[in-house]
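Chemist: coordinates only, no sequence provided:
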């Protein structure tokens, strides 16, 4: 499980040092791909494989399914961290997420996400009141 918020920096080669707490889960390889909200999702290879299996079983005759399959897989890049725990974020994904040097890596349960620092701060601030307003009605439907 991926938890927490970290602020590593991208180096001049587009490499990111993974948070130490995430390295064991990602050491065998990972997939970085587009996520919603102009963020990048980082999945352990096994989690991404299961996700792709589930998505590939969805009916590709449905336009929204095809669109999702294309956007997720076309933006995906398999990476293996080096000995220092660094991974390269491909230029196309850095452009998609608007990443420069200052980034945030957050834990999002089954994945990590990489955000531009300013975009994350704006998103987080805009979600705070909605998060505070979540109540038992919303949560009661989960896990059933």
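Modeler: Here it is on my side, so go on. In this text the structure is predicted, and so the values were computed from the model without any measurement. Numbers count the residues shown, from 1 in each chain.
Chemist: how about residues contacting the longest helix along the chain?
Modeler: Counting residues, the longest helix in the chain under DSSP state H turns out to be helix 117-133. Contacts to helix 117-133, defined as C-beta atoms under 8 Å, 6 or more residues apart in numbering, come from residues 7, 37-39, 97-98, 102-104, 106, 115. Every residue, glycine included, has its C-beta placed from N, CA and C.
Chemist: quick one: distance of it to the chain centre.
Modeler: In terms of C-alpha atoms, centre = their mean, to the nearest Å, the gap separating the centre of helix 117-133 from the centre of its chain is 17 Å.
Chemist: from the contacts of helix 117-133, which is closest to residue 1?
Modeler: residue 106 (12.6 Å; C-beta to C-beta).
Chemist: which residues does the closest residue to residue 45 other than its chain neighbours contact?
Modeler: Computed as C-beta to C-beta, 6 or more residues apart in numbering, the closest residue to residue 45 that is not its neighbour in sequence is residue 29, at 4.3 Å. If you count contacts by C-beta under 8 Å, 6+ apart, residue 29 has them with 44-45, 78-80.
Chemist: then residue 96?
Modeler: With contacts defined as C-beta under 8 Å, 6+ apart, residue 96 is in contact with 34, 38, 40, 75.
Chemist: most widely separated two among the residues you listed?
Modeler: Top of the distance list for the contacts of residue 96 (C-beta to C-beta): 38 and 75, 11.8 Å.
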